[in-house]
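Student: take a look and give me a structure for this.
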Amino acid sequence: MSTTLIVLIVPLLLVVWVVALFNRLVALRNQTTNGWRQIDVQLKRRHDLIPNLVSSVKGVMEFERDTLTQVVEARAKATTATGPADAAVKEGALTAALGKLFALAENYPQLHANENVRALQEELSSTENKIGFARQFYNDIATSFNTAQQRFPANLLASTFGFKPAELFELADAAERAVPGVDLSMKK
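Tutor: Okay, here's the model as predicted:
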């Protein structure tokens, strides 16, 4: 009787373990997908704000047409990004173009007085923070998903059921990795 019971219980426990492991991998994959969608939502918000900013500064920054064109072109490329690696490259270019635009805008006092431009810059700054938090969440959950797939014996199950590692969102530009210089002197 006890041998028959063991023969029935061991396969049943094995099936329960495989189902639990599979369900954990599915949950992590779905959380990873959700994390990427959260980044996507914030990037869409960013992409929607940029044309408003460009049109707000266009008349004042007449001599900076190249910069405005770079921002518009970088935005157009960023909206076509597919996946974290591609998005990192294209969004990095957009960030650089926006940085140049903001730096040039500092030279135009009438832009500082323009409430609409200030509000748009504030919105973009807030959105950048949200993008940063969303990227961090995505990378955390993607790392958990990838780690779960690579651990033994889950790696056997993951490869059997076709689970693929999630791409991490990484900085593509080495300049973005550089530590910025800070000058706190009171020089004018």
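Student: chain neighbours aside, what residue packs nearest to the most centrally placed residue in the chain?
Tutor: The centroid of the chain falls nearest to Arg135 when counting by CA atoms, centre = their mean (3.9 Å). Beyond its immediate neighbours in the sequence, the residue positioned closest to Arg135 (CB to CB, 6 or more residues apart in numbering) is Phe169, lying 4.8 Å away. For the C-beta atoms, the positions are set from N, CA and C on the backbone; glycine is no exception.
Student: quick one: contacts for that neighbour?
Tutor: Ile39, Pro84, Ala85, Ala87, Ala88, Arg135, Tyr138, Asn139, Ala142 (CB atoms under 8 Å, 6 or more residues apart in numbering).
Student: ok, the residues you listed vs Val26, which is closest?
Tutor: The shortest distance between Val26 and any of the contacts of Phe169, using CB to CB, involves Ala142 and amounts to 14.8 Å.
Student: in the one helix or strand that closest one maps to, what's buried?
Tutor: When elements are assigned from DSSP states H and E, Ala142 belongs to helix 115-150. Across helix 115-150, burial judged by 16 or more other CB atoms under 10 Å covers 117, 120-121, 123-124, 127, 130-131, 134-135, 137-139, 141-142, 145-146, 148-149.
Student: report the contact partners of Phe161.
Tutor: The neighbours of Phe161, taking CB under 8 Å, 6+ apart as the test, are Phe22, Leu25.
Student: let's see that with 7 Å instead.
Tutor: Taking CB atoms under 7 Å, 6 or more residues apart in numbering as the definition of contact, the neighbours of Phe161 are Phe22.
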